[in-house]
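[1] Predicted model and sequence follow; I will ask about them next.
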Amino acid sequence: MEGRLSAGVLDVAERAGCAAGRGAGGRPLTVLVEAAVLNRAHATGVQRKFRALFRALARQEPRVRLVLCYPALRRAEDCFVPLPEPNIRAWRLPVPPGLRHDRFLRLWLDVVVPAAAVWAGADLVHATTYLAPRTGRPVVVTLNHYWPAEFAAPESALGARLQDSLARARAVVAASERSRENIERHFPWLAGRLVAVPDGLPERREVAPPSAVLGVRERLGLEGNYALSVGTVIPRKNVDGLVRALGLARALRPGLVLVVVGREDDPSARRVAEGLGLRDAVRFVGPVDDATLSALYGGAALLAQPAWEEGFGLPVLEAAALGVPVVASERTCAREVLGEEAWTVEPGDDASLARILVEVSDGGPRVAARVDRARGRAASWTWEGPARRLAALYRRVATPGVAA
(Lines give C-alpha, C1' and ligand atoms only; values in the text may rest on other atoms or scores of the structure.)
Protein backbone atom coordinates (compact mmCIF):
# COMPACT_ATOMS: atom_id res chain seq x y z
CA MET A 1 0.00 0.00 0.00
CA GLU A 2 2.76 2.44 0.91
CA GLY A 3 4.43 1.94 -2.46
CA ARG A 4 1.17 2.69 -4.27
CA LEU A 5 0.69 5.82 -2.15
CA SER A 6 4.17 7.08 -3.02
CA ALA A 7 3.52 6.43 -6.70
CA GLY A 8 0.29 8.41 -6.41
CA VAL A 9 2.18 11.33 -4.91
CA LEU A 10 4.65 11.24 -7.80
CA ASP A 11 1.79 11.36 -10.29
CA VAL A 12 0.38 14.46 -8.60
CA ALA A 13 3.80 16.10 -8.53
CA GLU A 14 4.49 15.37 -12.20
CA ARG A 15 1.10 16.73 -13.27
CA ALA A 16 1.86 19.87 -11.26
CA GLY A 17 5.09 20.32 -13.19
CA CYS A 18 7.44 19.85 -10.23
CA ALA A 19 10.90 18.39 -10.40
CA ALA A 20 13.04 17.31 -7.52
CA GLY A 21 16.35 18.95 -6.83
CA ARG A 22 17.69 22.47 -7.17
CA GLY A 23 17.46 24.28 -10.47
CA ALA A 24 20.41 25.91 -12.19
CA GLY A 25 21.21 29.37 -11.00
CA GLY A 26 19.37 28.94 -7.72
CA ARG A 27 15.65 28.54 -7.24
CA PRO A 28 13.24 30.04 -4.75
CA LEU A 29 13.07 28.61 -1.27
CA THR A 30 10.50 25.80 -1.43
CA VAL A 31 8.41 24.94 1.62
CA LEU A 32 6.15 21.92 1.64
CA VAL A 33 3.24 22.73 3.96
CA GLU A 34 1.35 19.86 5.56
CA ALA A 35 -2.08 21.48 5.24
CA ALA A 36 -4.66 18.83 6.10
CA VAL A 37 -6.16 21.30 8.56
CA LEU A 38 -7.19 23.51 5.63
CA ASN A 39 -9.45 20.83 4.16
CA ARG A 40 -12.27 20.86 6.70
CA ALA A 41 -15.93 21.49 6.12
CA HIS A 42 -16.28 24.51 8.40
CA ALA A 43 -13.79 27.34 8.66
CA THR A 44 -12.09 27.46 12.05
CA GLY A 45 -9.81 30.08 13.52
CA VAL A 46 -6.83 27.91 12.57
CA GLN A 47 -7.96 27.76 8.96
CA ARG A 48 -8.53 31.51 8.77
CA LYS A 49 -5.14 32.08 10.37
CA PHE A 50 -3.12 29.99 7.94
CA ARG A 51 -4.97 31.14 4.84
CA ALA A 52 -4.29 34.78 5.71
CA LEU A 53 -0.72 34.13 6.88
CA PHE A 54 0.30 32.17 3.77
CA ARG A 55 -1.27 34.70 1.42
CA ALA A 56 0.55 37.56 3.15
CA LEU A 57 3.82 35.63 3.01
CA ALA A 58 3.38 34.82 -0.69
CA ARG A 59 2.68 38.45 -1.56
CA GLN A 60 5.67 39.79 0.35
CA GLU A 61 8.13 37.01 -0.46
CA PRO A 62 8.02 36.07 -4.17
CA ARG A 63 11.19 33.99 -3.71
CA VAL A 64 9.41 31.72 -1.21
CA ARG A 65 7.38 29.00 -2.90
CA LEU A 66 4.69 27.25 -0.86
CA VAL A 67 3.38 23.80 -1.80
CA LEU A 68 0.30 23.07 0.32
CA CYS A 69 -0.48 19.34 0.44
CA TYR A 70 -3.71 17.96 1.83
CA PRO A 71 -5.29 14.48 1.81
CA ALA A 72 -7.80 13.63 -0.90
CA LEU A 73 -11.20 13.00 0.61
CA ARG A 74 -14.32 11.96 -1.21
CA ARG A 75 -14.96 14.70 -3.74
CA ALA A 76 -18.19 15.71 -2.00
CA GLU A 77 -16.24 16.22 1.26
CA ASP A 78 -13.31 18.16 -0.16
CA CYS A 79 -13.48 21.71 1.15
CA PHE A 80 -10.01 23.01 0.30
CA VAL A 81 -10.18 26.49 -1.21
CA PRO A 82 -7.10 27.37 -3.32
CA LEU A 83 -5.12 30.46 -2.40
CA PRO A 84 -4.85 32.63 -5.53
CA GLU A 85 -1.16 33.55 -5.39
CA PRO A 86 1.33 32.62 -8.14
CA ASN A 87 3.87 31.15 -5.69
CA ILE A 88 1.34 28.95 -3.85
CA ARG A 89 0.43 25.54 -5.19
CA ALA A 90 -1.98 23.04 -3.70
CA TRP A 91 -1.56 19.28 -4.05
CA ARG A 92 -4.49 16.98 -3.37
CA LEU A 93 -2.71 13.77 -2.45
CA PRO A 94 -4.12 10.23 -2.43
CA VAL A 95 -4.99 8.46 0.80
CA PRO A 96 -7.10 5.26 0.91
CA PRO A 97 -10.60 5.91 2.28
CA GLY A 98 -11.98 4.31 5.42
CA LEU A 99 -8.76 4.11 7.42
CA ARG A 100 -8.75 4.25 11.21
CA HIS A 101 -7.44 7.57 12.42
CA ASP A 102 -4.14 6.16 13.73
CA ARG A 103 -3.54 4.27 10.46
CA PHE A 104 -4.36 7.37 8.45
CA LEU A 105 -1.89 9.46 10.47
CA ARG A 106 0.90 6.94 9.99
CA LEU A 107 0.42 6.76 6.23
CA TRP A 108 -0.08 10.49 5.83
CA LEU A 109 2.82 11.63 8.01
CA ASP A 110 5.29 8.79 7.41
CA VAL A 111 4.70 8.05 3.71
CA VAL A 112 2.64 10.56 1.76
CA VAL A 113 3.98 13.86 3.08
CA PRO A 114 7.66 12.75 2.99
CA ALA A 115 7.23 11.58 -0.62
CA ALA A 116 5.63 14.90 -1.51
CA ALA A 117 8.57 16.75 0.09
CA VAL A 118 10.98 14.86 -2.16
CA TRP A 119 9.07 15.58 -5.33
CA ALA A 120 8.48 19.20 -4.46
CA GLY A 121 12.22 19.63 -4.02
CA ALA A 122 11.36 21.08 -0.62
CA ASP A 123 14.01 22.80 1.44
CA LEU A 124 11.93 22.25 4.56
CA VAL A 125 8.51 21.04 5.70
CA HIS A 126 6.07 23.09 7.77
CA ALA A 127 3.48 21.15 9.77
CA THR A 128 0.43 23.30 10.51
CA THR A 129 -0.23 21.19 13.62
CA TYR A 130 2.08 19.73 16.25
CA LEU A 131 2.36 16.41 14.33
CA ALA A 132 5.68 16.42 12.52
CA PRO A 133 6.03 14.30 9.36
CA ARG A 134 8.92 11.83 9.33
CA THR A 135 11.06 13.30 6.61
CA GLY A 136 14.73 13.91 6.05
CA ARG A 137 13.98 17.60 5.47
CA PRO A 138 14.15 20.12 8.32
CA VAL A 139 10.75 20.44 9.95
CA VAL A 140 8.94 23.46 11.40
CA VAL A 141 6.09 22.49 13.74
CA THR A 142 3.19 24.72 14.77
CA LEU A 143 2.13 24.44 18.41
CA ASN A 144 -0.31 27.31 18.82
CA HIS A 145 -0.86 26.61 22.51
CA TYR A 146 -0.19 24.04 25.20
CA TRP A 147 -2.73 23.00 27.83
CA PRO A 148 -1.60 19.84 29.66
CA ALA A 149 -5.13 18.49 30.10
CA GLU A 150 -5.52 18.19 26.32
CA PHE A 151 -2.60 15.78 26.13
CA ALA A 152 -3.25 13.85 29.33
CA ALA A 153 -5.68 11.17 28.09
CA PRO A 154 -3.57 8.00 27.95
CA GLU A 155 -5.77 6.30 25.39
CA SER A 156 -5.12 9.06 22.84
CA ALA A 157 -1.31 8.91 23.09
CA LEU A 158 -1.33 12.61 22.20
CA GLY A 159 1.34 13.40 24.78
CA ALA A 160 3.77 10.87 23.29
CA ARG A 161 3.11 12.15 19.77
CA LEU A 162 3.69 15.72 20.90
CA GLN A 163 6.99 14.89 22.61
CA ASP A 164 8.19 13.01 19.52
CA SER A 165 7.25 15.85 17.18
CA LEU A 166 8.87 18.54 19.31
CA ALA A 167 12.05 16.49 19.61
CA ARG A 168 12.35 16.21 15.83
CA ALA A 169 11.40 19.80 14.97
CA ARG A 170 14.11 22.23 13.92
CA ALA A 171 11.82 25.06 15.08
CA VAL A 172 8.48 25.31 16.90
CA VAL A 173 6.06 28.16 16.16
CA ALA A 174 3.77 29.49 18.89
CA ALA A 175 0.84 31.80 18.18
CA SER A 176 1.79 34.59 20.58
CA GLU A 177 4.57 35.68 22.87
CA ARG A 178 2.48 34.70 25.89
CA SER A 179 1.92 31.26 24.41
CA ARG A 180 5.63 30.91 23.61
CA GLU A 181 6.48 31.62 27.25
CA ASN A 182 3.89 29.11 28.44
CA ILE A 183 5.20 26.38 26.15
CA GLU A 184 8.77 27.04 27.26
CA ARG A 185 7.71 26.71 30.91
CA HIS A 186 6.45 23.21 30.15
CA PHE A 187 9.25 22.28 27.73
CA PRO A 188 12.36 24.21 28.82
CA TRP A 189 14.53 22.11 26.51
CA LEU A 190 12.85 23.89 23.57
CA ALA A 191 14.51 27.20 24.49
CA GLY A 192 16.17 28.59 21.40
CA ARG A 193 13.86 26.72 19.03
CA LEU A 194 10.59 28.44 20.00
CA VAL A 195 9.45 31.39 17.90
CA ALA A 196 6.28 33.46 18.31
CA VAL A 197 4.44 34.22 15.07
CA PRO A 198 1.25 36.02 16.10
CA ASP A 199 -2.01 36.39 14.22
CA GLY A 200 -3.27 39.44 12.39
CA LEU A 201 -6.56 40.96 11.41
CA PRO A 202 -8.62 38.98 8.88
CA GLU A 203 -8.25 40.07 5.28
CA ARG A 204 -11.94 40.97 5.07
CA ARG A 205 -14.11 41.45 8.14
CA GLU A 206 -16.40 44.39 7.50
CA VAL A 207 -18.98 45.84 9.84
CA ALA A 208 -22.28 44.17 9.03
CA PRO A 209 -25.08 46.47 7.83
CA PRO A 210 -28.00 46.96 10.24
CA SER A 211 -30.26 44.89 8.00
CA ALA A 212 -27.95 41.87 8.35
CA VAL A 213 -27.75 42.27 12.14
CA LEU A 214 -31.54 42.51 12.34
CA GLY A 215 -31.93 39.44 10.12
CA VAL A 216 -29.69 37.32 12.36
CA ARG A 217 -31.47 38.57 15.47
CA GLU A 218 -34.84 37.61 14.01
CA ARG A 219 -33.62 34.22 12.83
CA LEU A 220 -32.19 33.32 16.25
CA GLY A 221 -34.86 35.04 18.31
CA LEU A 222 -32.43 37.47 19.92
CA GLU A 223 -34.43 40.36 21.33
CA GLY A 224 -32.14 41.91 23.93
CA ASN A 225 -28.47 41.98 24.86
CA TYR A 226 -26.38 38.94 24.06
CA ALA A 227 -22.82 37.87 24.77
CA LEU A 228 -21.01 36.09 21.95
CA SER A 229 -18.56 33.18 22.23
CA VAL A 230 -16.67 32.08 19.11
CA GLY A 231 -14.71 28.84 18.77
CA THR A 232 -15.01 25.08 18.78
CA VAL A 233 -16.76 23.95 21.95
CA ILE A 234 -14.12 21.86 23.71
CA PRO A 235 -13.09 21.72 27.40
CA ARG A 236 -10.13 24.07 26.88
CA LYS A 237 -12.45 26.88 25.80
CA ASN A 238 -14.23 26.85 29.20
CA VAL A 239 -17.67 27.43 27.69
CA ASP A 240 -19.21 25.56 30.61
CA GLY A 241 -17.67 28.15 32.96
CA LEU A 242 -19.09 30.91 30.78
CA VAL A 243 -22.54 29.32 31.00
CA ARG A 244 -22.28 29.20 34.80
CA ALA A 245 -21.25 32.86 34.85
CA LEU A 246 -24.20 33.72 32.62
CA GLY A 247 -26.51 32.06 35.14
CA LEU A 248 -25.09 34.28 37.88
CA ALA A 249 -25.29 37.40 35.71
CA ARG A 250 -28.92 36.77 34.82
CA ALA A 251 -29.85 37.16 38.46
CA LEU A 252 -29.19 40.87 37.85
CA ARG A 253 -29.79 41.03 34.09
CA PRO A 254 -32.43 38.38 33.34
CA GLY A 255 -32.60 39.25 29.64
CA LEU A 256 -28.92 38.56 28.93
CA VAL A 257 -28.40 35.70 26.48
CA LEU A 258 -25.30 33.78 25.32
CA VAL A 259 -24.75 32.85 21.67
CA VAL A 260 -22.12 30.15 21.12
CA VAL A 261 -20.66 29.91 17.59
CA GLY A 262 -18.59 26.89 16.63
CA ARG A 263 -18.63 23.14 16.24
CA GLU A 264 -19.82 21.44 19.41
CA ASP A 265 -17.26 18.71 20.14
CA ASP A 266 -17.92 18.57 23.88
CA PRO A 267 -21.44 18.37 25.37
CA SER A 268 -20.55 19.55 28.88
CA ALA A 269 -21.51 23.20 28.28
CA ARG A 270 -24.93 22.19 26.93
CA ARG A 271 -25.43 19.89 29.93
CA VAL A 272 -24.54 22.74 32.32
CA ALA A 273 -27.02 25.04 30.56
CA GLU A 274 -29.80 22.47 30.83
CA GLY A 275 -28.95 21.73 34.46
CA LEU A 276 -29.18 25.43 35.35
CA GLY A 277 -32.44 25.91 33.47
CA LEU A 278 -30.71 28.03 30.81
CA ARG A 279 -31.66 26.05 27.73
CA ASP A 280 -33.42 29.06 26.16
CA ALA A 281 -30.74 31.52 27.33
CA VAL A 282 -27.81 29.73 25.69
CA ARG A 283 -28.00 29.35 21.91
CA PHE A 284 -25.59 26.82 20.41
CA VAL A 285 -25.74 27.83 16.74
CA GLY A 286 -22.84 25.68 15.44
CA PRO A 287 -20.47 26.81 12.68
CA VAL A 288 -21.60 29.81 10.65
CA ASP A 289 -20.44 31.51 7.47
CA ASP A 290 -18.46 34.76 7.47
CA ALA A 291 -21.50 36.94 6.76
CA THR A 292 -23.44 35.49 9.68
CA LEU A 293 -20.45 35.80 11.99
CA SER A 294 -20.02 39.46 11.05
CA ALA A 295 -23.70 40.08 11.76
CA LEU A 296 -23.41 38.33 15.13
CA TYR A 297 -20.42 40.51 16.01
CA GLY A 298 -22.43 43.53 14.90
CA GLY A 299 -25.25 42.84 17.33
CA ALA A 300 -23.24 41.57 20.30
CA ALA A 301 -23.02 43.45 23.58
CA LEU A 302 -19.64 41.79 24.12
CA LEU A 303 -17.38 38.92 23.15
CA ALA A 304 -16.63 36.45 25.97
CA GLN A 305 -13.62 34.11 25.62
CA PRO A 306 -12.72 32.74 29.10
CA ALA A 307 -10.49 29.90 27.85
CA TRP A 308 -8.27 27.88 30.17
CA GLU A 309 -5.53 28.32 27.59
CA GLU A 310 -5.34 29.94 24.15
CA GLY A 311 -2.54 30.36 21.68
CA PHE A 312 -3.74 33.65 20.31
CA GLY A 313 -7.52 33.83 20.15
CA LEU A 314 -8.35 35.35 16.78
CA PRO A 315 -11.92 36.32 17.81
CA VAL A 316 -10.44 38.68 20.40
CA LEU A 317 -8.75 40.63 17.62
CA GLU A 318 -11.74 40.41 15.28
CA ALA A 319 -14.16 41.68 17.89
CA ALA A 320 -11.94 44.57 18.98
CA ALA A 321 -11.46 45.69 15.39
CA LEU A 322 -15.24 45.74 14.92
CA GLY A 323 -15.87 47.77 18.06
CA VAL A 324 -17.16 44.92 20.23
CA PRO A 325 -16.10 44.92 23.91
CA VAL A 326 -13.78 42.01 24.69
CA VAL A 327 -14.04 39.96 27.88
CA ALA A 328 -11.33 37.32 27.93
CA SER A 329 -9.25 35.02 30.03
CA GLU A 330 -5.88 36.14 31.35
CA ARG A 331 -4.57 33.11 29.43
CA THR A 332 -5.40 34.49 25.98
CA CYS A 333 -3.61 37.13 23.94
CA ALA A 334 -6.02 39.81 25.16
CA ARG A 335 -3.43 41.67 27.27
CA GLU A 336 -0.73 41.23 24.64
CA VAL A 337 -2.94 42.62 21.88
CA LEU A 338 -5.27 45.07 23.61
CA GLY A 339 -3.40 46.00 26.79
CA GLU A 340 -5.71 47.41 29.44
CA GLU A 341 -8.57 47.90 27.00
CA ALA A 342 -9.83 44.32 27.37
CA TRP A 343 -11.69 43.07 30.44
CA THR A 344 -9.80 40.02 31.69
CA VAL A 345 -10.46 37.39 34.33
CA GLU A 346 -8.83 34.21 35.54
CA PRO A 347 -10.61 31.15 34.11
CA GLY A 348 -12.57 29.35 36.78
CA ASP A 349 -13.54 32.55 38.60
CA ASP A 350 -17.19 32.40 37.51
CA ALA A 351 -18.34 35.05 39.97
CA SER A 352 -15.87 37.66 38.69
CA LEU A 353 -16.75 36.78 35.12
CA ALA A 354 -20.45 37.26 35.92
CA ARG A 355 -19.78 40.74 37.38
CA ILE A 356 -17.86 41.70 34.23
CA LEU A 357 -20.65 40.40 31.98
CA VAL A 358 -23.11 42.66 33.78
CA GLU A 359 -20.80 45.69 33.73
CA VAL A 360 -19.87 45.43 30.07
CA SER A 361 -23.30 44.49 28.75
CA ASP A 362 -24.73 47.59 30.47
CA GLY A 363 -22.47 49.73 28.28
CA GLY A 364 -22.00 53.43 29.02
CA PRO A 365 -19.30 56.05 28.35
CA ARG A 366 -16.47 54.21 30.12
CA VAL A 367 -17.12 51.01 28.20
CA ALA A 368 -17.38 52.95 24.93
CA ALA A 369 -14.06 54.72 25.57
CA ARG A 370 -12.24 51.44 26.19
CA VAL A 371 -13.80 49.94 23.06
CA ASP A 372 -12.58 52.88 20.96
CA ARG A 373 -9.05 52.51 22.30
CA ALA A 374 -9.13 48.75 21.73
CA ARG A 375 -10.20 49.28 18.12
CA GLY A 376 -7.17 51.49 17.56
CA ARG A 377 -4.81 48.91 19.04
CA ALA A 378 -6.34 46.07 17.04
CA ALA A 379 -5.83 47.95 13.77
CA SER A 380 -2.04 47.71 14.15
CA TRP A 381 -2.11 43.88 14.12
CA THR A 382 -1.75 43.14 10.42
CA TRP A 383 -0.45 39.96 8.75
CA GLU A 384 2.62 41.61 7.21
CA GLY A 385 4.78 41.40 10.33
CA PRO A 386 3.96 37.75 11.09
CA ALA A 387 4.55 36.83 7.44
CA ARG A 388 8.00 38.43 7.46
CA ARG A 389 8.83 36.67 10.72
CA LEU A 390 7.77 33.28 9.34
CA ALA A 391 9.72 33.80 6.11
CA ALA A 392 12.85 34.68 8.09
CA LEU A 393 12.37 31.53 10.16
CA TYR A 394 12.04 29.42 7.01
CA ARG A 395 15.36 30.77 5.72
CA ARG A 396 17.15 30.09 8.99
CA VAL A 397 15.78 26.56 9.21
CA ALA A 398 16.73 25.80 5.60
CA THR A 399 20.29 27.04 6.06
CA PRO A 400 22.63 24.25 7.25
CA GLY A 401 24.46 25.04 10.46
CA VAL A 402 22.28 28.03 11.36
CA ALA A 403 20.25 27.76 14.57
CA ALA A 404 16.54 28.44 14.20
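    Here it is on my side, so go on. Residues are numbered from 1 along each chain as shown.

[2] could you pull out the strands for this protein?
    29-34, 64-71, 88-93, 124-127, 139-142, 171-174, 194-196, 226-230, 257-261, 282-286, 302-305, 326-329, 343-345 (DSSP state E).

[3] Let's have those in TSV, adding mean pLDDT.
    Below are those laid out as TSV (pLDDT from 0 to 100):
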stretch	mean pLDDT
strand 29-34	97
strand 64-71	95
strand 88-93	92
strand 124-127	98
strand 139-142	97
strand 171-174	97
strand 194-196	96
strand 226-230	98
strand 257-261	98
strand 282-286	96
strand 302-305	98
strand 326-329	96
strand 343-345	96
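
[4] I'd like to know which of those strands is closest to residue 314.
    strand 226-230 (8.4 Å; C-beta to C-beta). To be clear about C-beta, it is placed using only N, CA and C from the backbone, and glycine gets the same treatment.

[5] what angle sits between that closest one and strand 282-286?
    Computed by axes from the mean of the first three to the mean of the last three C-alpha atoms, to 10 degrees, the angle separating strand 226-230 from strand 282-286 equals 40 degrees.

[6] ok, residues contacting strand 226-230?
    By C-beta atoms under 8 Å, 6 or more residues apart in numbering, the surrounding residues in contact with strand 226-230 are 45, 237, 239, 242, 246, 256-262, 283, 293, 296-297, 299-305, 315, 318-319, 324, 327, 357, 361.

[7] again, but for stretch 376-388
    52-53, 55-57, 59-61, 197-201, 203, 317, 320-321, 337-339, 341.

[8] next one: stretch 158-173
    So stretch 158-173 is in contact with 124, 127, 130-132, 134, 138-143, 150-152, 183, 187, 190, 193-197, 390, 393, 396-397, 404, going by C-beta under 8 Å, 6+ apart.

[9] gap between the residue nearest to the spatial centre of the chain and residue 293?
    Per C-alpha atoms, centre = their mean, the C-alpha nearest to the average position across the chain is that of residue 46, at 2.3 Å. To residue 293, residue 46 is 15 Å away according to C-beta to C-beta, to the nearest Å.

[10] could the strands of the chain go into JSON lines alongside mean neighbour count?
    Listed next are the strands of the chain as JSON lines, based on neighbours: other C-beta atoms under 10 Å:
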{"stretch": "strand 29-34", "mean neighbour count": "25"}
{"stretch": "strand 64-71", "mean neighbour count": "24"}
{"stretch": "strand 88-93", "mean neighbour count": "20"}
{"stretch": "strand 124-127", "mean neighbour count": "27"}
{"stretch": "strand 139-142", "mean neighbour count": "25"}
{"stretch": "strand 171-174", "mean neighbour count": "24"}
{"stretch": "strand 194-196", "mean neighbour count": "19"}
{"stretch": "strand 226-230", "mean neighbour count": "24"}
{"stretch": "strand 257-261", "mean neighbour count": "23"}
{"stretch": "strand 282-286", "mean neighbour count": "17"}
{"stretch": "strand 302-305", "mean neighbour count": "28"}
{"stretch": "strand 326-329", "mean neighbour count": "28"}
{"stretch": "strand 343-345", "mean neighbour count": "22"}
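
[11] Export these as TSV, with columns for distance to residue 100.
    Output for these, formatted as TSV (distance: least, C-beta to C-beta, whole Å):
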stretch	distance to residue 100
strand 29-34	20
strand 64-71	14
strand 88-93	19
strand 124-127	21
strand 139-142	24
strand 171-174	28
strand 194-196	33
strand 226-230	32
strand 257-261	31
strand 282-286	27
strand 302-305	34
strand 326-329	35
strand 343-345	41
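
[12] From the recorded domain assignment, give the ranges for this structure.
    For the chain, automatic domain parsing gives the domain ranges 2-200+383-398, 210-379.

[13] Point out the most buried one among the ones you listed.
    Among the domains of the chain, domain 210-379 has the highest mean neighbour count (mean count of other C-beta atoms under 10 Å), at a mean of 20.
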